[in-house]
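Colleague: Sharing a sequence plus its predicted fold:
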Amino acid sequence: MSDAKELINREYKYGFVTDVESDAIPRGLNEETIRLISARKKEPAFMLEWRLSAYRTWLRMKEPAWQNVQYPPINYQDMIYYSAPKNKKDAPKSLEEVDKEILDTYAKLGIPLDEQKRLAGVAVDAVFDSVSVGTTFKDTLKKAGVIFCSFSEAVQEHPDLIQKYLGSVVPVSDNFFAALNAAVFSDGSFCYIPKGVRCPMELSTYFRINAADTGQFERTLLVADEDSTVSYLEGCTAPIRDKNQLHAAVVELVALKGAKIKYSTVQNWYAGDKQGKGGIYNFVTKRGKCAGAKSKISWTQVETGSAITWKYPSVILQGDDTIGEFYSVALTHNYQQADTGTKMIHIGKNTRSTIISKGISAGRGKNTYRGLVKVLKNAEKAQNYTQCDSLLIGDQCAANTFPTLEVENNTARVEHEASTSKISEDQLFYCASRGISGENAVSMIVNGFCKEVFNHLPMEFAVEASKLLSVSLEGSVG
Amino acid sequence: MTDTKTPENETLENYRRSFEAFEKTELCGEGGWLCPERRSAFQRFEQNGFPGSKDEEWRYTRLESVKKMVPKSAATASVDLKTMEPYVLDPAWPRAVFVDGVYQPALSAGLEDQKGLRVMSLAEALRRHEPQLASGLREARLKPRALTDLNTAFFTDGIEIQLAAGTHLEKPLQVLSLFLFAEGERAIHPRNLILAGPGSRAAIIQSFAGIGSNSYFSNGLTEVRLSEKARLDHYVLQQGGSQGFQTARGEIWLEKESRYETFMVSADTPFFRYEIDAVLAGRQAGLQLHGFYLTAGNEHVDQNVLIEHRVPECTSGQVMKGILDGHSRLVVRGKVHVYPDAQKTDAQQTMKNLLLSRDATADAQPQLEIYADDVKCTHGTAIGQLEDDAIFYLKSRGIEADEARRILTRGFAMEVLEKIPLEPVRRAAEAALGAHFREV
């Protein structure tokens, strides 16, 4: 089993630190920090006000403790809340002007920006640390009328849209980490699809955490106007680090009448080493609102990284005949912990939601599905189907399922199913008898287990996701 | 002290006064040994107060109305045989009868006949300084909870049932609790202890019926301990007429190869919170829960189940079915917790709720917490109304819509009801269902 050992001991593939001089503001958090961030970003007054009100709300809030994860207390004063690559002052006008080292970073990640243009028609708004350094395919998108830019840019150029939709789905007071994000978020992506437009390409953002001790507070706002369609991809990797890094992002989706949003995530941040040391804390608030009738929001996520993943991509089904979907694969290995799931709030008539959640626990991993399906009084004929399956690999891992169903309308139909199983000896033996090694057999079985979710990923992601699972599970079977 | 009279403080103050008065009575001091335990339980309760909205397990159920009630213990009431008769499931069965939480020897019968069975009222046991009872209560593996503490502080009566090793109870034993409360609002805290010796077998029915018109708060606690290879069928039956707030808790401890099967029938109950907390502590122990809940009007029923698989090779099953009408609310929460070493666990959970009216609310929380890998755990939950297709089909066979609904609802209920082995209990449940449809 020397092969297996080698695989187990393999270091995190994407672990490195790019040596770019950071323009960081001092550690700590107070109103001054927020004013500084806002000033650095030359934000209009309404943004500063909004940030400050969020900060004041945050001060009154308590860090939640109900979630089924454990981590040492976070010192919010011992963090750097803003760091921008130095070269920002004379912002790059084309890729050639982008810092060589940054481009190299992307090359190491396998997503060189200059190649992206030729690649599969995917526009990338890459967030390197906290400031966007390059945006591609702007022209193509511009022709279609699609706005896709960094959040800071949007604040400058489309303040009306920002003012209208920012915080409309996740209000600042929503939760502890959302309030913190609202106060200090440095950048993120903004996307607006105009009426009747089908976005000509899949939109994609690569997030990357860099510069030691920088908490990342991304904010994504995606607005799909009436009858528009968009598919958005989000993926991430991060360098090896000893100290845990907090990542508290907020994603807001707004779907107006007849709009369709598909939001896919592949998350592969540094998960800590085999002893559970280091790794990213991924505490994210993601929520979409089907504001108009017949709109649809679909979340697909593959969560394999992070020491702790804690997020519930949710859908508020406000308009009549709206659809919410959640497809999730969460894998925990070594000492990883995941507490994830979704909330489907049925408000409008004939609203439908589907939840498919696949949790895989290996090693000492801990995986929790937590979900809420709520059917309000006027949600005539609302329908929900939920399926949560857990797969256990090894006898020291944990799999929990905590669904909640609240139904206030008798015409609703809500169903939930859950199962827990392990990869049986029989299955492995059968594969072995066909000449398939243990590792491959596990990978195959796991991929089969997750197929229902992978089917909903865009093609490029589906390939990456299934590779990720195999890599993440290395060393889980002797 | 300045004026800090929040309703919460007032409630606690009422309880404090009530406890201080109770401490001076004979009932509290009886047995002597119990007093310190009561006091520390009460102090804990005072510290924590009633469970509130912040408590996840009480998310949907409020005890506000209970808090408003000034706690007074019940005086002895008398009920004649005729009043009791309709609630006796079978006169041939041995029965122990309580009125307002106080044991009634005159209404009870047949308790001496069975060899190996020992039944005694807790009040009597306390008076007699029953050593076995003392040790039984002391051994209690009760989990710290506000209502448990309240019960420990205040209980005065209840039943103690002991089955000697190898005893096979020929006839089921009915423990009937009648609530009259002729003197007005009262709070009672019945405490029961069921100890099933090795290899014993029995069926015990705990049934409740309201025969008065005053409100009350009954906070019961039943401890069940099954020794090796013991087998107990435990029925909890609501027989209607209840006017008050009832909370009850069963703490079940299962030793090796023992089996506990419980049938819960709740109908016509304005407020009922029933908690089952079972520990599968010995290998190959088994537990099966069948729950049937019929709610209407403004009723609020909350079933909360926790099953702990602590050791390997145990099985547990839960089937809970609710039929909701009117403005009622049914909360069903069931958690299966599989400990790290509990391999080969087999746990199933099914919750199905049928909503008959627009204004009823159903909440379901089926939970699995699993720390072992070689297990088979599933749960399924469904909330909805009758299938239009099914009604249409029956109509096409010449059955009227109303009748079709009745047939289908009955069919939905039968999955649980037909599992009830005791004929009189099954009949009582079916009668409740029938009565409900007549009223509609």
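Modeller: Arrived safely, thanks for sending. Numbering: from 1, shown residues only, chains lettered A, B, ... in the order given.
Colleague: what residues does the stretch 301-440 of chain B put near chain A?
Modeller: Within reach of chain A by C-beta under 8 Å from any C-beta of the partner chain, the stretch 301-440 of chain B has these residues: B:324, B:340, B:343, B:353, B:355-358, B:360-385. Any C-beta I mention is one placed from the backbone N, CA and C, and that applies to glycine too.
Colleague: Any stretches of the chain with poor pLDDT?
Modeller: You didn't pick a chain, so chain A it is. For chain A, applying pLDDT under 70 flags the ranges A:1-24, A:83-138, A:205-215, A:236-244, A:460, A:471, A:474-478.
Colleague: nope, chain B please
Modeller: Residue ranges of chain B with pLDDT under 70: B:1-5, B:29-33, B:73-75, B:129-141, B:439-440.
Colleague: can you name the farthest residue from the center of it?
Modeller: Residue distances from the centre of chain B (C-alpha atoms, centre = their mean) peak at residue B:396, which lies 42.5 Å from the mean C-alpha position.
Colleague: State the distance from that residue to residue B:406.
Modeller: Using C-beta to C-beta, to the nearest Å, residue B:396 is found at 17 Å from residue B:406.
Colleague: any chance you could map the helices in the stretch 51-200 of chain A?
Modeller: A:100-109, A:113-116, A:138-144, A:151-157, A:159-165, A:176-184 (DSSP state H, counting those that start in this stretch).
Colleague: which of the residues in the fourth one are buried?
Modeller: In this case it means helix A:151-157. A:151-155 (16 or more other C-beta atoms under 10 Å in any protein chain shown).
Colleague: can you pull the contacts of residue B:300?
Modeller: When contacts are counted by C-beta atoms under 8 Å, 6 or more residues apart in numbering or on different chains, residue B:300 is found next to B:61, B:270-272, B:328-329, B:331.
Colleague: Now do the SS call for residue B:426.
Modeller: Using DSSP: H, G, I helix; E, B strand; the rest coil, the secondary structure recorded for residue B:426 is helix.
Colleague: what residues does the stretch 251-400 of chain A put near chain B?
Modeller: Counting by C-beta under 8 Å from any C-beta, the positions of the stretch 251-400 of chain A adjacent to chain B are A:390, A:392-400.
Colleague: Now rank the residues you listed by neighbours and give me the top one.
Modeller: Ranked by neighbour count (other C-beta atoms under 10 Å in any protein chain shown), these have residue A:399 at the top, with 31 neighbours.
Colleague: which ones are touching the residue of the stretch 101-250 of chain B found nearest chain A?
Modeller: Nearest to chain A in the stretch 101-250 of chain B, going by C-beta to the nearest C-beta, is residue B:145, at a distance of 18.4 Å. Taking C-beta under 8 Å, 6+ apart as the criterion, residue B:145 is in contact with B:51, B:249.
Colleague: Then residue A:63?
Modeller: With contacts taken as C-beta under 8 Å, 6+ apart, residue A:63 has the following neighbours: A:74, A:176.
Colleague: Please tell me how far it sits from residue A:183.
Modeller: Look at residue A:63 and residue A:183: by C-beta to C-beta, they are 14 Å apart.
Colleague: swap in residue B:153?
Modeller: From residue B:153 across to residue A:183, the span is 47 Å (C-beta to C-beta).
Colleague: Can you name the helix or strand that residue 37 falls in?
Modeller: Just going to use chain A. For residue A:37, the enclosing helix or strand under DSSP states H and E is helix A:31-40.
Colleague: Sorry, I should have been clearer: chain B.
Modeller: Using DSSP H and E, residue B:37 falls within helix B:34-48.
Colleague: Would you mind writing the CA trace of that helix as PDB?
Modeller: Extracted as PDB, the C-alpha positions of helix B:34-48 are listed here (Å, rounded to 0.1, in the frame of the first residue of the first chain):
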ATOM      1  CA  LEU B  34     -36.000  13.100  49.700                       C
ATOM      2  CA  CYS B  35     -36.000  16.600  51.000                       C
ATOM      3  CA  PRO B  36     -32.400  17.700  50.000                       C
ATOM      4  CA  GLU B  37     -33.000  16.300  46.600                       C
ATOM      5  CA  ARG B  38     -36.200  18.200  46.200                       C
ATOM      6  CA  ARG B  39     -34.600  21.400  47.300                       C
ATOM      7  CA  SER B  40     -31.700  21.200  44.900                       C
ATOM      8  CA  ALA B  41     -34.000  20.300  42.100                       C
ATOM      9  CA  PHE B  42     -36.100  23.300  42.900                       C
ATOM     10  CA  GLN B  43     -33.100  25.500  43.100                       C
ATOM     11  CA  ARG B  44     -32.100  24.400  39.600                       C
ATOM     12  CA  PHE B  45     -35.600  25.100  38.400                       C
ATOM     13  CA  GLU B  46     -35.500  28.500  39.900                       C
ATOM     14  CA  GLN B  47     -32.200  29.200  38.200                       C
ATOM     15  CA  ASN B  48     -33.200  28.000  34.700                       C
END
